[in-house]
Structure formats: C-alpha cells, structure tokens
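1. Starting from these lines, generate the structure:
(one chain, ligands or ions: 2)
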Amino acid sequence: MGKTLAEKVWESHVVRSAEGEPDLLYIDLHLVHEVTSPQAFDGLRLAGRQVRRPDLTIATEDHNVPTFGPSVTEGAPIADLVSRTQVETLRRNCEEFGIRLHPMGDQGQGIVHVIGPQLGLTQPGATVVCGDSHTSTHGAFGALAFGIGTSEVEHVLATQTLPLKPFKTMAITVEGELPDGVTAKDIILAVIAKIGTGGGQGHVLEYRGEAIRALSMEGRMTICNMSIEAGARAGMIAPDETTFAYLQGRPHAPQGADWDAAVESWRQLVTDDDAVFDREVVLQAADLAPFVTWGTNPGQGLPLSASVPDPADFTDEQQRQAAQRALDYMGLQPGTPLREIAVDTVFLGSCTNGRIEDLRAAAQVLEGRRVADGVRMLVVPGSVLVKQQAEEEGLDRVFSAAGAEWRGAGCSMCLAMNPDKLAPGERSASTSNRNFEGRQGAGGRTHLVSPQVAAATAVTGRLAAPADLQPAPVPVGA
Ligand SMILES: CC(C)[C@H](C(=O)O)[C@@H](O)C(=O)O
Ligand code: SF4
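-> Ligands and ions are numbered 1, 2, ... in the order given. As a prediction, this is how the structure comes out:
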C-alpha cells in the first residue's frame with residue numbers, strides 16, 4: 001500500500017522503533033522563543049548537559065516584545081518587568097548554550113513561525129519542532145512540524161530527538177477555484193467550522209486539491225498555522241513549484257548542485273495515489289465566502305453574509321450551551337447580521353496573517369481610504385524583514401495615510417503578553433488565530449477575519465468585506 005506524505009516524512013526520521021513504545025524521531029530544526037524555553041534550559045543546567053545541536057536550534061524574541069516605544073526605536077530595556085525578565089533570560093540561555101538568537105533590534109527578529117520560512121530554514125521533508133502550538137505553520141512546506149511542551153523542548157535540546165506517539169491521517173481536499181475575494185483564511189475558518197475544534201484530534205491533516213495548489217506559500221502557511229485550532233497535531237501541504245520558487249535563494253536554502261539535488265528529492269514528497277487516509281473531508285471552493293467568527297472558539301464561524309446564530313437552533317446540547325456562553329461573553333444578540341457588528345480595534349498581524357502578502361492585501365484595500373473615526377487599527381509586521389520589505393514597497397505610508405498605526409515586529413495583540421491589548425469589553429476584528437475569552441486582553445472580544453476583511457472593517461467600523469466598500473475616491477490631480 002502507498003504512503004501519505006506525513007508517513008513518508010515520519011519514516012525517514014525514525015532513529016529507534018520498538019514494539020509498544022513511541023518511535024524516536026530525529027529533529028531537523030528546533031525553534032525557540034522566550035515563553036516556553038526557560039525551564040528547559042534550567043533542566044539542562046541541572047543535569048549538566050549541553051545542547052546537542054546548537055546549529056539546528058534557533059531562537060527569537062516575539063511574544064513579550066513591545067511593538068512601539070523606546071525599546072523598539074532606541075533599544076531601551078523593556079519596561080514591563082515580567083517581559084523584560086523573560087527576554088533577558090532567553091538572551092542569557094542562548095549565550096550560555098551557544099544558540100543563535102535574533103533579539104529585538106536585530107534584522108532577523110520576528111515571530112518564530114515567520115522567521116523560519118523567511119530564512120529558508122523550514123524545508124520540505126524536514127521535522128520541525130518548537131515549544132509553540134502554531135509550529136504547524138511550517139507544514140506548508142511539506143515539513144512535519146509539531147508544537148511541543150517545555151519538557152519536550154528540553155529533550156530536543158539535549159538529544160535532537162523526540163519520542164512521538166503514532167498519528168492518524170486526514171485529507172482535507174478543497175476542490176475547484178476560489179471565488180473572487182475569498183482567501184486562505186476563509187478556507188481554514190470554513191474547515192474548522194465544518195470539522196470542529198476537536199475534529200482533527202490525533203490527526204496530521206494534509207490539505208490538497210486545486211484551491212490549495214493555487215495558493216501562495218503565504219496562503220498555505222495561513223492554513224497550516226490554524227490546523228492546531230481544529231485540534232490536529234500538524235497540517236501539511238505537499239511541496240511543489242510554488243514551494244521551490246519561494247525557497248530558492250533564501251539564506252539557508254541549499255545552493256548550486258545541492259539545490260538541484262534537494263529539489264529532486266523534494267519532488268518525491270507527495271502522498272502516493274494508493275495511500276489511504278484515516279479520514280477524508282472534501283470542500284468545494286465555489287461554496288466558500290469571506291468568513292468571520294462570532295464566538296469564542298475558532299470553530300464558531302460563519303460567512304460574513306450570515307447573522308449571529310440562535311443558540312436554541314443548535315440540536316447538540318453541548319454546542320447550544322457553548323453558543324449561549326459565547327454570545328454572553330461577546331455581547332451579541334441572536335439574529336444580528338454579522339455586517340452590523342461594530343468594532344473598536346482592527347489588528348492586522350500574527351503568525352497567521354503577518355506576512356508581506358497579508359500586508360499588501362490589506363494596503364490595497366486601504367489605499368485612498370481612511371480608518372473609520374473611533375476605530376484604531378494596528379498593523380504589526382510578522383518580522384523585521386517583513387517590515388522593511390513593506391516599507392520599501394511604500395505600504396507603511398498607505399497604512400499611516402489611512403490612519404492606522406505602523407508598528408514593530410512581534411506577536412503583539414495576537415495574545416496580549418505585551419502592551420498591545422484590548423480593554424475589557426472592547427471588540428476587535430483580528431487576523432490572528434484564536435478568539436478565546438480574554439485572548440487579546442481580559443474581557444476583550446475577538447472576531448477572527450482575513451487581512452482583506454480586517455482592512456474593509458477598519459474603513460466601515462463594522463465587519464465588512466472589500467466588496468462592501470464604496471469605490472475609493474480618485475486622488476485630486478490623478
Ligand atoms: C506562548 C505559546 C506557548 C503559545 C502557543 O503555544 O501557541 C502562543 O504562541 C499562543 O499562540 O497561544
Ligand atoms: S503570533 Fe500569536 S499564535 Fe503566533 S506564535 Fe505569537 S502568540 Fe502564538
């Protein structure tokens with residue numbers, strides 16, 4: 001019987017396999033950030049161990065970093081003491097154990113899942129881990145990429161291997177062409193609404209089909225990023241010409257003859273025709289539309305044209321209760337058209353949608369338009385390089401002219417472990433991946449959206465798609 005992509009990558013990394021025990025896998029790339037690494041390094045110190053492969057380990061500062069103010073502009077110490085300690089601890093640990101770190105102020109700094117691909121470190125067929133659930137992002141390259149816990153971080157630091165329980169496989173096929181105005185974010189929000197936040201449990205998802213093949217690497221990363229929000233262990237997309245074109249010439253991509261040899265072997269990384277998935281889900285691209293969430297988990301989403309659901313309409317008792325609780329928290333009434341929901345804040349950024357293409361898409365909507373009065377829009381590039389590229393393209397000027405705030409790189413308001421937060425009761429349209437209670441600040445309310453919907457929402461002050469906007473006025477003299 002043939003093999004799936006995930007099975008192929010797994011099998012090529014097994015260093016030990018024994019009956020009744022988890023396989024031990026070799027890890028090709030270990031990404032590290034300030035939140036989940038301190039105890040792992042403490043553990044190494046206690047045991048008197050070194051990092052086994054510092055050359056396969058790379059660290060960045062992302063969760064706790066401010067995105068404005070003197071620590072961004074002048075390299076001043078972070079004002080918040082907890083965040084400062086977290087970041088300084090990472091710096092000390094990386095220094096002591098010989099790990100390459102991209103600190104604030106460095107060209108390579110950014111969200112861990114943005115910098116790996118950007119540097120060409122994330123490669124097809126590789127095993128990638130990080131003490132961070134959204135490590136699934138890297139699966140967009142045909143890598144097997146898992147989020148791990150802090151004790152596993154220590155294990156990988158010490159041995160460059162990881163014992164892993166067997167997984168099941170699920171194919172998610174999106175057939176046909178996406179309608180105009182529908183994006184990768186809409187696909188993944190629709191997938192999670194369909195299979196549920198537990199639907200992917202124990203599975204590695206493989207996204208396939210014409211609509212997936214047609215996506216850029218940025219779009220594929222958006223989709224794989226949110227696999228974890230469907231409960232999956234990982235998400236993958238088979239590498240193809242789009243993948244190779246993205247990787248070629250990046251700092252850590254193979255060069256010359258090595259590049260040709262690498263591409264040839266990467267071409268084998270496809271699911272065999274006769275391979276069998278444990279589960280298959282099919283969506284028709286033509287049925288998809290701009291999607292937004294109305295509730296407090298990423299599966300509580302609907303097309304923008306819909307209305308806030310009535311909990312009484314849910315047949316499943318648990319879902320009914322979850323919907324009721326979500327509406328109470330979100331301060332929403334059943335039957336309200338989603339397009340009538342007014343927001344205070346628009347957040348464009350995160351490892352889901354903080355890459356250059358996301359910024360371009362939003363800037364295109366904002367060009368010649370203004371952010372609505374009373375709405376604040378934060379634009380937070382996923383990395384310093386994304387920020388620089390955006391500035392070279394003049395996107396920062398489009399955002400600033402529209403009245404949005406142009407910030408430094410980091411996780412920012414995706415999770416509010418830094419000064420970017422919603423106040424209690426405030427409501428956001430956010431391009432991030434989680435809308436849990438308090439995720440963007442205690443009492444804050446989050447609607448997950450695509451960059452295009454975020455930008456249109458900033459203009460109208462209510463959840464909106466670009467198609468809802470009046471044509472932008474032609475500038476005088478044009
Ligand atoms: C801080 C970290 C452990 C966490 C994660 O694992 O995902 C964060 O990145 C998040 O998005 O909630
Ligand atoms: S941007 Fe958000 S989801 Fe991504 S790593 Fe940072 S906190 Fe986690």
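2. Give me the neighbour count for residue 12.
-> Residues lying near residue 12 (other Cβ atoms under 10 Å) number 16. No exception for glycine: its C-beta is placed from N, CA and C like everyone else's.
3. And it, how far from residue 237?
-> To residue 237, residue 12 is 18 Å away according to Cβ to Cβ, to the nearest Å.
4. got it, and residue 89?
-> Between residue 89 and residue 237 the computed distance is 35 Å (Cβ to Cβ).
5. So between these two, which is more surrounded?
-> Using other Cβ under 10 Å as the criterion, residue 89 and residue 237 rank with residue 237 on top: 27 against 15.
6. quick one: whichever residue of the stretch 351-478 of the chain sits closest to ligand 1 and residue 229, what's the gap?
-> Using Cβ to the nearest ligand atom, the closest approach of the stretch 351-478 of the chain to ligand 1 is made by residue 415 at 5.2 Å. Using Cβ to Cβ, residue 415 is found at 14 Å from residue 229.
7. what touches both of the two?
-> Taking Cβ atoms under 8 Å, 6 or more residues apart in numbering as the contact rule, residue 415 and residue 229 both touch residue 434.
8. Pick out whichever of those two has more residues nearby.
-> residue 229 (24 against 20).
9. the helices in the stretch 351-478 of the chain, which residues?
-> Taking DSSP state H, counting those that start in this stretch, the helices of the stretch 351-478 of the chain run over residues 356-366, 384-392, 395-402, 451-460.
10. from the ones you listed, which stretch is densest packed?
-> helix 451-460 (a mean of 28; mean count of other Cβ atoms under 10 Å).
11. Regarding residue 320, what are the backbone dihedral angles?
-> phi -60, psi -50 (degrees, to the nearest 10).
12. quick one: it from ligand 1, how far?
-> As judged by Cβ to the nearest ligand atom, to the nearest Å, residue 320 and ligand 1 stand 27 Å apart.
13. Likewise for residue 117?
-> 16 Å.
14. residues in contact with that residue?
-> 137-138, 140-141, 217, 221, 246.
15. With residue 31 instead?
-> Shown in contact with residue 31 (Cβ under 8 Å, 6+ apart): 57-60, 112-113, 116, 128-130, 132, 135.
16. one more time with 6 Å
-> Residue 31 makes contact with 112, 116, 130, according to Cβ atoms under 6 Å, 6 or more residues apart in numbering.
17. number of nearby residues for the residue in the chain positioned nearest to ligand 1?
-> For the chain and ligand 1, the shortest gap (Cβ to the nearest ligand atom) falls at residue 133, measuring 3.6 Å. Residue 133 is flanked by 18 other residues according to other Cβ under 10 Å.
18. mind giving me JSON lines with the contacts of residue 117 and columns for neighbour count and pLDDT?
-> Converted to JSON lines, the contacts of residue 117 look like this (neighbours: other Cβ atoms under 10 Å; pLDDT from 0 to 100):
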{"residue": "137", "neighbour count": "35", "pLDDT": "98"}
{"residue": "138", "neighbour count": "32", "pLDDT": "98"}
{"residue": "140", "neighbour count": "34", "pLDDT": "99"}
{"residue": "141", "neighbour count": "30", "pLDDT": "99"}
{"residue": "217", "neighbour count": "20", "pLDDT": "98"}
{"residue": "221", "neighbour count": "33", "pLDDT": "99"}
{"residue": "246", "neighbour count": "21", "pLDDT": "98"}
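19. Up against ligand 1, what does this protein have?
-> 35-36, 63, 132-134, 147, 415 (Cβ under 6 Å from any ligand atom).
20. cutoff 5 Å now
-> Proximity of the chain to ligand 1 (Cβ under 5 Å from any ligand atom) is limited to residues 35-36, 132-133.
21. May I see those organised as CSV, with secondary structure and pLDDT added?
-> CSV is the format used below for these (DSSP: H, G, I helix; E, B strand; the rest coil; pLDDT from 0 to 100):
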residue, secondary structure, pLDDT
35, coil, 98
36, coil, 97
132, coil, 98
133, helix, 98
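22. if we can go back for a sec, now for the contacts of residue 117, which pair is the farthest apart?
-> 137 and 246 (13.5 Å; Cβ to Cβ).
23. can you list residues touching both of the two?
-> By Cβ under 6 Å, 6+ apart, no residue touches both residue 137 and residue 246.
24. and residue 268, which of the three is it?
-> Three-state assignment for residue 268 (DSSP: H, G, I helix; E, B strand; the rest coil): coil.
25. Can you read off the pLDDT for it?
-> Per-residue confidence (pLDDT) for residue 268: 97.
26. for the residue lying closest to it once chain neighbours are set aside, phi and psi?
-> Using Cβ to Cβ, 6 or more residues apart in numbering and skipping the chain neighbours, the partner closest in space to residue 268 is residue 8 (7.6 Å). Main-chain torsions, residue 8, degrees, to the nearest 10: phi -60, psi -50.
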